[in-house]
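[1] What follows is a predicted protein model with its sequence.
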Amino acid sequence: MDSINILDWNSISNKYERSTILIGNGASIAVSSCFRYDSLLENARQNFIQDNTDKLFEYFETKDFELILRLVWQARKIVDITGEHHCIHYKKLEWIYEEIRDGLIKAVRQIHPLYASIDIDKLKRISNFLRRFDTVISLNYDLIVYWASLTNDDSNYSFKDCFIDREFREKWQELRKPIRNSKHCTLIFYPHGNLILYKDMLSCEFKLHSDENINLLDTILDKWENGSILPLFVSEGTEKQKVKSIRDSYYLSVVYREVLTEKRESLVVYGWGFGEQDMHILKQMKYCGVIKNIAVSVYNNDKEYCNNVLKIIKKELGNSINVEFFHSGSKDCWIY
């Protein structure tokens with residue numbers, strides 16, 4: 001363990017200029033301790049969802065709210081179309097749908113901080129950090145990266161999430177070209193979805209538009225509450241469950257198939273625990289050609305974590321990769 005050196009970010013940052021960064025939940029925790037939670041579903045189970053409704057998650061072997069909401073909505077629609085909407089089954093389905101939806105809304109509202117409670121200087125520092133990369137891949141469903149991207153006021157840089165007029169651009173690679181007078185463009189992707197993304201009842205996928213950043217979270221939750229849209233994010237579950245949910249979404253599957261496998265020589269990982277449930281992300285990167293360098297953030301000088309990460313990377317991506325570690329609280333890194 002002692003042979004592993006944990007460096008300062010600035011001592012290696014030039015090597016990773018215009019590369020790809022992969023962001024995990026530790027990054028959000030650094031912004032707000034509110035994100036230090038075990039599970040959205042566990043929160044909802046303990047506070048908002050009854051045992052009978054919870055059995056749906058167990059039966060379908062999933063922790064994905066969007067999947068269960070969609071299945072219940074479809075079942076309710078079938079009963080409605082067959083003219084049985086006055087029967088007890090329809091009313092029960094309606095009640096179950098509302099309970100699951102409201103449980104998710106209340107859990108997110110309880111966990112996710114409001115925009116007004118976030119230090120704007122932290123968001124600006126995140127923006128300054130992320131604009132050094134060509135690609136940002138955020139595994140987090142929260143709004144931190146989105147809010148940070150909106151604080152950018154340097155005309156030399158621009159952020160794009162590849163949604164044009166609320167719809168995902170199929171030929172997203174074309175958006176790498178900087179806009180107007182900017183010199184560099186950073187593309188942002190969410191392999192597990194995000195609060196800002198949603199499905200309508202026909203499974204068409206969109207990005208939510210809101211003129212008010214400060215009330216964005218309330219806008220999102222209000223739209224969920226009125227029943228017109230479904231959230232598009234995979235917040236938890238096993239690796240197998242997550243991959244299944246990804247394949248059920250056009251946007252998520254494109255990110256999984258095309259963005260994760262895009263050719264890259266260098267990768268930065270910040271705030272990600274390399275958990276077994278997310279190994280599909282690393283496995284997919286086998287197909288992006290030869291990655292020469294990976295830099296991984298380390299919290300609290302944890303060399304046991306470093307050794308574990310080193311084994312995982314070598315196993316999944318090969319022994320020839322140069323893996324180096326840097327302090328997560330380094331100057332000019334993330335919020336620091």
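    Structure's in. What do you need?
[2] In this structure, mark out all the helices, start to finish.
    Applying DSSP state H to the chain gives helices spanning 25-31, 40-47, 51-59, 65-81, 88-111, 120-130, 144-149, 216-225, 239-247, 250-254, 279-284, 303-317.
[3] Looking at those, spot the one closest to residue 172.
    Closest to residue 172 of those is helix 250-254 (CB to CB; 7.5 Å). Where you see a C-beta, it was placed from the backbone N, CA and C, and this is true even at glycine.
[4] circling back: possible to save the helices of the chain as CSV with mean neighbour count and distance to residue 170?
    As requested, the helices of the chain are exported to CSV (neighbours: other CB atoms under 10 Å; distance: least, CB to CB, whole Å):
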stretch, mean neighbour count, distance to residue 170
helix 25-31, 21, 29
helix 40-47, 17, 30
helix 51-59, 13, 33
helix 65-81, 17, 22
helix 88-111, 17, 29
helix 120-130, 18, 24
helix 144-149, 23, 21
helix 216-225, 17, 25
helix 239-247, 18, 17
helix 250-254, 19, 8
helix 279-284, 18, 20
helix 303-317, 15, 28
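[5] and residue 155, which of these is closest to it?
    Closest among these, using CB to CB: helix 120-130, at 13.4 Å.
[6] for the closest residue to residue 248 other than its chain neighbours, what are its contacts?
    Leaving aside its chain neighbours, residue 248 sits nearest to residue 67 (7.0 Å; criterion: CB to CB, 6 or more residues apart in numbering). Residues in contact with residue 67 (CB atoms under 8 Å, 6 or more residues apart in numbering) are 60, 245, 248.
[7] How many residues are close by the first one?
    Other residues lying near residue 60 total 13 when counted by other CB atoms under 10 Å.
[8] what sits against it?
    Residue 60 neighbours (CB under 8 Å, 6+ apart): 67, 68, 71.
[9] quick one: which of those is nearest residue 274?
    The closest of those, once distances to residue 274 are taken by CB to CB, is residue 67, at 25.2 Å.
[10] Against residue 104, how distant is that closest one?
    12 Å (CB to CB, to the nearest Å).
[11] Then residue 252?
    As judged by CB to CB, residue 252 and residue 104 stand 18 Å apart.
[12] same thing with residue 238?
    Distance from residue 238 to residue 104, by CB to CB: 19 Å.
[13] Residue 134 too?
    Shown here: residue 134 relative to residue 104, a distance of 34 Å by CB to CB.
[14] Could you do residue 242 as well?
    Distance, residue 242 to residue 104, using CB to CB: 17 Å.
[15] go on, residue 62?
    Taken as CB to CB, the span from residue 62 to residue 104 is 13 Å.
[16] between those two, what contacts are shared?
    By CB under 8 Å, 6+ apart, no residue touches both residue 62 and residue 104.
[17] Any idea how far apart the tips of stretch 161-177 sit?
    Terminal residues of stretch 161-177 lie 13 Å apart, using CA to CA, to the nearest Å.
[18] One more: stretch 78-90?
    So stretch 78-90: terminal residues 9 Å apart, CA to CA.
[19] mean confidence score for that stretch?
    Mean pLDDT, computed over stretch 78-90, is 72.
[20] Low-confidence ranges, the stretch 151-300 of the chain, go.
    For the stretch 151-300 of the chain, applying pLDDT under 70 flags the ranges 211-214, 235-236.
[21] switch the cut-off to 50
    Counting by pLDDT under 50, the stretch 151-300 of the chain shows no low-confidence range.
[22] Which stretches in it count as strands?
    Here the stretch 151-300 of the chain has its strands, by DSSP state E, counting those that start in this stretch, at 157-160, 163-164, 167-168, 184-189, 193-200, 205-207, 229-233, 266-270, 293-298.
[23] for the first one, packing partners?
    The helices and strands touching strand 157-160, judged by 3 or more CB pairs under 8 Å, 6 or more residues apart in numbering; DSSP states H and E, are strand 184-189.
[24] what does the domain assignment say about the chain?
    Listed domain ranges for the chain are 6-32+119-210+250-327, 40-111 (source: automatic domain parsing).
[25] can these go into a markdown table with extra columns for distance to residue 336?
    Output for the domains of the chain, formatted as a markdown table (distance: least, CB to CB, whole Å):
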| stretch | distance to residue 336 |
| --- | --- |
| domain 6-32+119-210+250-327 | 7 |
| domain 40-111 | 24 |
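[26] which stretch among these comes nearest residue 216?
    Residue 216 lies closest, by CB to CB, to one member of these: domain 6-32+119-210+250-327, at 5.0 Å.
[27] How about the contacts made by residue 163?
    Residue 163 neighbours (CB under 8 Å, 6+ apart): 169, 206, 207.
[28] give me every residue that touches residue 223.
    Residue 223 neighbours (CB under 8 Å, 6+ apart): 198, 208, 229.
[29] Compare the residues you listed and tell me which has the most neighbours.
    Compared across those, residue 198 has the highest neighbour count, 23 neighbours, by other CB under 10 Å.
[30] Now that one: closest residue in space that isn't a chain neighbour?
    Leaving aside its sequence neighbours, residue 198 sits nearest to residue 229 (CB to CB, 6+ apart; 4.3 Å).
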